[in-house]
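Chemist: Curious how this folds, go ahead:
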Amino acid sequence: MLEDNREPLNKTTVDYVADTDRSISKIIVLAALGIISSFIFGYFLKLFILESRLDFLLVSFSSLFILLAIFLLGVFFIKSRTRISQIIFLESLAFSAMFYDKLSITFAVGVLASFLILLWANYSGRLELENTVKIKFWRIGKKVLPKVIVALSLFIGIAYVSVVGAGGKEFFISQSVFEKMISPVINMKIVQNFLPGFNLSLPVGELAKNLAVNQIEQNSQLKLLPANVKNQLINQSAEELEDKFSDFIGAPVNPKTGTLETLYRAIVKKFSELPENIKAVIPAGVAVLIFLTIISLALPIRWLVTLLAYFIYEICLALGFSDIMLEGRSREIIILK
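Modeler: Predicted coordinates for the structure are as follows:
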């Protein structure tokens with residue numbers, strides 16, 4: 001799959017080409033694209049963490065896909081280990097640059113670990129490429145991309161925790177993120193079918209009143225009561241629901257305050273009351289959860305990135321940006337012309 005079976009365009013034996021970069025200008029272009037996509041990835045990742053806007057997430061992960069594709073192409077195109085190490089170092093600096101104000105030992109160690117894993121990914125890809133006679137694009141991608149995804153998933157998890165709750169002193173989920181996590185669930189059709197009018201974005205008092213009205217409307221006998229009696233029952237039922245909600249969150253509620261805001265404040269209060277050692281562990285757990293979530297998507301990500309990189313690879317060959325040649329032991333290699 002994705003194996004290049006074409007005859008090399010130049011069948012001359014070229015021993016000196018195997019480990020030599022012939023076009024420094026093209027390597028600079030490739031490196032620049034990688035560094036720029038790395039910076040855009042990190043820049044919009046931080047904006048997404050701070051503002052929870054889906055368009056920022058889309059731009060960040062689109063840049064991430066481009067970065068992964070360029071990284072894979074670098075395995076094929078760049079021969080010098082010193083040069084590729086420098087490029088990977090600059091890419092690592094680029095995606096972490098926007099988090100300069102969140103610098104800590106944990107963050108620095110995370111970035112360093114990501115950098116080392118990226119080096120390992122490139123080395124394993126180059127080793128596989130040097131030990132094959134034919135260029136097998138899919139096999140190289142299978143060797144390289146899982147490690148790159150691990151490295152960047154590690155960075156994303158540490159970056160998130162560094163921004164929203166470094167050291168466990170603050171609650172690790174912002175109110176805007178909390179609301180955007182909960183809203184899709186409560187707006188599901190099945191929830192609305194069971195609880196018509198259930199909307200946590202409403203003030204506590206208004207939500208309680210809506211639920212009380214629904215209870216009365218669903219009771220055929222209560223519906224027949226005079227309007228003034230029903231209003232009394234609604235007010236009484238709403239007050240009881242407010243009391244139950246107050247007991248549930250363990251704090252008094254203001255009927256005019258938004259329900260989601262009240263719930264969030266209660267969770268933050270509970271978090272602040274936890275022992276310091278527990279608070280320090282929870283953000284680490286969130287980082288692990290983010291890491292595992294992205295890793296669980298590694299297979300489809302790898303497929304998509306490999307296809308994207310192969311498409312760019314074919315364009316490079318078609319435009320003469322690169323070429324396939326034979327080295328002395330009749331092994332296919334690819335060079336920048």
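Chemist: contacts, neighbours, all on C-alpha from now
Modeler: OK.
Chemist: After the helix or strand of the chain with the lowest mean pLDDT, which helix or strand is next?
Modeler: Ranked by mean pLDDT, DSSP states H and E, the weakest helix or strand in the chain is helix 189-194, scoring a mean of 58. Downstream of helix 189-194, the next assigned helix or strand under DSSP states H and E is helix 204-217.
Chemist: If you count contacts, what does that next one end up packed against?
Modeler: With contacts taken as 3 or more CA pairs under 8 Å, 6 or more residues apart in numbering; DSSP states H and E, helix 204-217 sits against helix 227-249.
Chemist: Could you check the angle the helix it packs on makes with helix 204-217?
Modeler: If you take axes from the mean of the first three to the mean of the last three CA atoms, to 10 degrees, helix 227-249 sits at 120 degrees to helix 204-217.
Chemist: Pull out the buried positions in whatever helix or strand comes next after helix 227-249.
Modeler: Toward the C-terminus, helix 227-249 is succeeded by helix 259-272 as the next helix or strand (DSSP H and E). The neighbour-count check on helix 259-272 (16 or more other CA atoms under 10 Å) flags Thr259, Leu260, Glu261, Thr262, Leu263, Tyr264, Ala266, Val268, Phe271 as buried.
Chemist: mind showing which ranges of the stretch 151-300 of the chain have poor pLDDT?
Modeler: Where the stretch 151-300 of the chain drops to pLDDT under 70, the residues are 165-172, 181, 183-201, 216-227, 280.
Chemist: Stretch 309-326 - what's its average pLDDT?
Modeler: The average pLDDT for stretch 309-326 rounds to 81.
Chemist: how about it as CSV, C-alpha atoms only?
Modeler: In CSV, the C-alpha atoms belonging to stretch 309-326 read as follows (Å, rounded to 0.1, in the frame of the first residue of the first chain):
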residue,chain,number,x,y,z
ALA,A,309,1.6,13.4,2.9
TYR,A,310,1.6,11.0,0.0
PHE,A,311,-0.5,13.4,-2.1
ILE,A,312,2.1,16.1,-1.4
TYR,A,313,4.9,13.6,-2.1
GLU,A,314,3.4,12.8,-5.5
ILE,A,315,3.1,16.5,-6.4
CYS,A,316,6.8,17.1,-5.4
LEU,A,317,7.8,14.3,-7.8
ALA,A,318,5.5,15.5,-10.6
LEU,A,319,6.8,19.1,-10.3
GLY,A,320,10.4,18.1,-10.1
PHE,A,321,10.8,19.3,-6.6
SER,A,322,12.2,15.8,-5.8
ASP,A,323,13.3,12.7,-7.7
ILE,A,324,13.8,9.0,-7.2
MET,A,325,17.3,7.7,-7.9
LEU,A,326,19.3,4.5,-7.3
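Chemist: Could you check how far it is from the centre of its chain?
Modeler: 30 Å (CA atoms, centre = their mean, to the nearest Å).
Chemist: Kindly report the same for stretch 302-318.
Modeler: 22 Å.
Chemist: Please identify the buried residues of it?
Modeler: Neighbour count says stretch 302-318 has Arg302, Val305, Thr306, Leu307, Leu308, Ala309, Tyr310, Tyr313, Leu317 buried, by 16+ other CA under 10 Å.
Chemist: Any chance of CSV for those, columns secondary structure and distance to Tyr160?
Modeler: As requested, these are exported to CSV (DSSP: H, G, I helix; E, B strand; the rest coil; distance: CA to CA, whole Å):
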residue, secondary structure, distance to Tyr160
Arg302, helix, 23
Val305, helix, 24
Thr306, helix, 27
Leu307, helix, 29
Leu308, helix, 27
Ala309, helix, 28
Tyr310, helix, 31
Tyr313, helix, 33
Leu317, helix, 39
